[in-house]
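# any chance you can model this:
(4 chains)
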Protein chains: 4
Amino acid sequence: MVNVLLTGFEPFDKDAINPSWEAVRSLDGWRLEGATVHARRISCVFGAALRELDAAIDELRPQLVIGVGQAGGRSEITPERVAINMDDGRICDNAGCQPIDEPVVAGAPVGYFSSLPIKAIVRDLRAAGIPAAVSNSAGTFVCNHLFFGLMHRIATRPVHGMRGGFIHIPYLPEQATRLPGAPSMSLDAVIAALRIAVATSIEVREDLRETGGQLH
Amino acid sequence: MVNVLLTGFEPFDKDAINPSWEAVRSLDGWRLEGATVHARRISCVFGAALRELDAAIDELRPQLVIGVGQAGGRSEITPERVAINMDDGRICDNAGCQPIDEPVVAGAPVGYFSSLPIKAIVRDLRAAGIPAAVSNSAGTFVCNHLFFGLMHRIATRPVHGMRGGFIHIPYLPEQATRLPGAPSMSLDAVIAALRIAVATSIEVREDLRETGGQLH
Amino acid sequence: MVNVLLTGFEPFDKDAINPSWEAVRSLDGWRLEGATVHARRISCVFGAALRELDAAIDELRPQLVIGVGQAGGRSEITPERVAINMDDGRICDNAGCQPIDEPVVAGAPVGYFSSLPIKAIVRDLRAAGIPAAVSNSAGTFVCNHLFFGLMHRIATRPVHGMRGGFIHIPYLPEQATRLPGAPSMSLDAVIAALRIAVATSIEVREDLRETGGQLH
Amino acid sequence: MVNVLLTGFEPFDKDAINPSWEAVRSLDGWRLEGATVHARRISCVFGAALRELDAAIDELRPQLVIGVGQAGGRSEITPERVAINMDDGRICDNAGCQPIDEPVVAGAPVGYFSSLPIKAIVRDLRAAGIPAAVSNSAGTFVCNHLFFGLMHRIATRPVHGMRGGFIHIPYLPEQATRLPGAPSMSLDAVIAALRIAVATSIEVREDLRETGGQLH
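As a prediction, this is how the structure comes out:
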C-alpha cells in the first residue's frame, strides 16, 4: 500500500478560508494506481507547521508528499522549483510571530530543489486546460517554511523512496470578489489540478527537459 | 412573450474559440420569468457586426439586448459603462480591416451610457461569488463598435421598451494555458454570470447608487 | 500674444504631493513659438475645480488648455481620448464629497473627445524616449470631471480658437517608494513630456492616423 | 587600496542596449571612501560570463563585487537575496545556447545567499526617493548564472574579505517606449541607486533586521 500525503493550510491574514485546504480536503481518501491520498490541515504558524508535518509523515510513511498553499495574486497553478532556508515574514503568522531573516533550520543548506517532476506537471496541467507555470520562488513565509522543512526531512531523515515538493494555487473566485482586479481559479479546477499533480508525480520519475525558466 | 437577445462574437486574432460565443450559445432557449433568451453569433468585422445585430433585433424585437465579448487579460466580469463613437483598431478585424479614428456612426453623439443596471449586476455577481467590476472603457475595437451601434439603435430607432448594454468576460482557462500569466475564468462561472446579468437586468429598473468609479 | 493654460491638481487621498502640480508649476512662464505658458493649481474638489478652471480661462483667454493629473499605477504618459459626463467617486474628494453616478453637467452630452492631437503627442513622446500611450478612459473622479468641464466649456462658451484636453501622468519615484511594485516616472521626464505635449499641440492641427486603439 | 567590481551585461534578446552596462560603465573609476570602482562588461553567454567574471576578480582582487542585470518588467531596483544552482533558459543566450535544468556548477550547493546588506540597501534607496525592494528570485538565465558563479567563487576560492551579490534594474524609458505598458526607470536614477548600493555595502557589515519578505 502506497500512501500519498497532501497538506493544505488553515486560513491566515484574516481570511475565512484557505483554498489550499478546501482543495486538499476533498481528495482525502482518493485512490489511484494502488496509492491512497491522505489530506492533512497544517497550522499557518512557523515551527508548529513543521512539527505537524513531521507527525503526519511519521504516521503515514508516505512515498509522496505535496504541500499546497495559497499564492494570492497568481493566476496559475505553480509548482515550486526551490525551497530556501529563510524565514522572513511580511506579516505575522497565526501565532503572532514574524521572524525576520532567520533560517528555517539552523545549519541546514541554503536551499533544496523539489523532487517532484515540476515540468511534467506543468505540461500535463496545460494539456488538461489548466493554466500552470513553474515558479522559482515560494516566498519566505510559512509556505516556503513548510516546503523547506519537508525537503530537509527527506534529505536527512528519509522515509524510503519518499519524494516531495510544493504547489502554489490562486485565490478562489469567492475570495477575489473582495479584491478588485485579483485573478482567481475555480475550486473544481484546483482539485482537478491536484489530481493531475499526484498522478504525474507517481508516474514520472525523471522530469522532462522542457524550459520552465525565467529571465529574472 | 418577452425576448432577450444575447450576442457573442466569433473567434478573432487567430484564436480558435471565443469565450463570449461559447458562453452565450449555452443560454440559447433559456427561459426565466416569462422571458426567453436568444443567442446570436456576431462576426468580428466592423460594419457587418452592426448589420447582423440590426437583423437580430428586427427579427426578435427584444426588450433586452446584452452584447458579450472577450477582454483578454481581465480577471473579472466587467459590465461596460459607456460606448464611444470611435473605431480605432489595434489589429485588423476578421475581414482584414483596421479603421483608425473613424466614427462608428458618422454624425452620432460621442458616447452613450449603458442602460443596464451595471452596479446592481456587479453587486449580484459578487454576492454569487463571481469576481466583477464596472469598466469605464470598452476599448475601440469591434466590441465597442457593437456596443455603440446597439445604443445608437436604441436611441434612434427603438424597439418599445428595449434596454441594452455590453459585458466583457475574461479568457477561458484553456486559452490561458497558452498565455503565461494571463488570468482566466471557468466557462461555468461565465455562464452563471450571464444568467445573473440577464435576471438582474430584467428585475432592476433603476440602478443602485453604489460606487463603481475609478480614479483614472 | 498666445496664452497656454496648464493645470495641475493639489494633493489628494492623503498624499503630500501631486506630481501634476509639481510638473506644471515648473513650466509657468515658459515661452515657445510666440506662446506663453501659465500654470494654475486646481482644487481636487468636484465643482470647485470647474469654477477655478473657468476663472483661469476667463482671465487668460488661452488658445490651448491642457489639464494634467496623476494616474497612480500607470507607467506611461497617457493623453486621454474622451471625457465622459459622469462623476462616480471611488473615494471622497478633498471637500469630503463622493458623488455617485451624477452628471458633471446636467443635460450635457455623454462625452467629448479631446481636441489635442493625441496620436501625434504619443509619437513625439516616444521619439524623445518617453513612454507614452493613448488612454481611452480618464476615470470618473476629479480628473475626468475637469476634463469634461473643459471640453463642455469649449463646446458651449468658446474662447476663439481654443483647443483642450487632458494628460495623465505616473507617480513620481519618491511616491512609489511607499507603494511596493508601483511604476513611476522621474519629474524631469514628466516635465519634458509636457513641453513636448504643448509644442506638438501648437504645431499639429490635424492629428495623425496612427493606431492608438485598444481591444478593450 | 580597495577595489570594487561592478559588472553589467551586453545587450541580449535582440535589444540594442542593456541598461545594466549603461549604468555600470558610468561609474568606472568612481572613488569613494578609499575605494575605487571598476566596471566590466560581461557577455550574455552561459559559461563565458563566469570565465570573464573570474578573470576580472583575479585581476582586481576586489573586496566587493556587485553584478547588475536588466529585469524587464520590474518597476524597482531589486537586490537579489539568493542565487540558485540552476540554468534553465527561457530563450537562447547570445551564443545560441539554451541549457535546460542544468547546474551552474556541477556538485555545488543548491543555493547561496547574497553577502550584500540587501535590506539596508533597500532602506537607503527608498530614503533617497528611489523605488526598491528585495527580490527572492534572480530567475534561471545568465543573471542568476553569474550571481551563482560569483557566490560559489567567494565560497570556494575567496579573495580575502570579498563580499558579493546581484542587483536587478528596470528597463530604461527609451526601451519602454517600444513595450507598451512596461515600467521603466531613468538612467540617472539607476546610476544614483548603484552609488548608494556600493556605499551602503561598504559601510554596512551586518544587515538590518527589517522585513523584506514575500508571502509567495
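# and the top helix by length along chain A, anywhere near chain D?
Ordering each helix of chain A by length in residues (DSSP state H) puts helix A:187-203 first. No: Helix A:187-203 stays clear of chain D (C-beta under 8 Å from any C-beta of the partner chain), getting no nearer than 15.2 Å. For glycine as for every other residue, the C-beta is placed from the backbone atoms N, C-alpha and C.
# export stretch A:41-49 as PDB, just CAs?
Taking C-alpha atoms only, stretch A:41-49 is exported to PDB below (Å, rounded to 0.1, in the frame of the first residue of the first chain):
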ATOM      1  CA  ARG A  41      -4.500  20.500   7.600                       C
ATOM      2  CA  ILE A  42      -1.400  22.400   8.700                       C
ATOM      3  CA  SER A  43      -1.300  25.500  11.000                       C
ATOM      4  CA  CYS A  44      -0.100  28.700   9.400                       C
ATOM      5  CA  VAL A  45       2.500  29.000  12.200                       C
ATOM      6  CA  PHE A  46       6.300  29.000  11.900                       C
ATOM      7  CA  GLY A  47       7.600  25.900  13.700                       C
ATOM      8  CA  ALA A  48       4.300  24.300  14.500                       C
ATOM      9  CA  ALA A  49       3.800  23.700  10.800                       C
END
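# strands of chain A, start to end?
Remark: strands assigned in chain A by DSSP state E are A:2-9, A:31-32, A:35-42, A:64-70, A:78-79, A:82-84, A:111-113, A:163-169.
# quick check: mean pLDDT across the third one?
Per-residue pLDDT over strand A:35-42 has a mean of 98.
# who does that strand touch, helix- and strand-wise?
Packing contacts for strand A:35-42, counted by 3 or more C-beta pairs under 8 Å, 6 or more residues apart in numbering or on different chains; DSSP states H and E, involve strand A:2-9, helix A:19-25, helix A:48-60, helix A:187-203.
# got the angle for the third one vs strand A:163-169?
Using axes from the mean of the first three to the mean of the last three C-alpha atoms, to 10 degrees, the direction of helix A:48-60 lies 130 degrees away from that of strand A:163-169.
# so which elements touch helix A:48-60?
Against helix A:48-60 (3+ C-beta pairs under 8 Å, 6+ apart) you get strand A:2-9, strand A:35-42, strand A:64-70, helix A:142-156.
# pick the most buried one from the ones you listed.
Across those, averaging neighbours per residue (mean count of other C-beta atoms under 10 Å in any protein chain shown) puts strand A:64-70 on top, at a mean of 28.
# now do it and strand A:2-9, the angle between them.
Using the same axes, to 10 degrees: strand A:64-70 against strand A:2-9 is 20 degrees.
# give me the contact list for strand A:64-70.
By C-beta atoms under 8 Å, 6 or more residues apart in numbering or on different chains, the residues outside strand A:64-70 that reach it are A:2-9, A:18-20, A:23-24, A:35, A:42, A:53, A:57, A:116, A:138, A:142-143, A:146-147, A:150, A:162-171, A:194, A:197-198, A:201-202, D:216.
# contact residues of chain A facing chain B?
Residues of chain A lying near chain B (C-beta under 8 Å from any C-beta): A:75-76, A:125-126, A:129-133, A:172-174, A:176-178, A:180-186, A:188-189.
# among those residues, which lie within helices?
Using DSSP H, these in helices are A:Leu125, A:Arg126, A:Pro173, A:Glu174, A:Ala176, A:Asp188, A:Ala189.
# now those residues: which count as buried?
A:Leu125, A:Arg126, A:Pro173, A:Glu174, A:Ala176, A:Ala189 (16 or more other C-beta atoms under 10 Å in any protein chain shown).
# which residues touch the third one?
Going by C-beta under 8 Å, 6+ apart, A:Pro173 touches A:Ser184, A:Met185, A:Ser186, B:Gly129, B:Ile130, B:Pro131, B:Met185, B:Ala189.
# likewise for the last one?
With contacts defined as C-beta under 8 Å, 6+ apart, A:Ala189 is in contact with A:Ile130, B:Pro173, B:Ser186.
# what angle separates the longest helix of chain A from strand A:35-42?
On the basis of the same axes, to 10 degrees, helix A:187-203 is oriented at 120 degrees to strand A:35-42.
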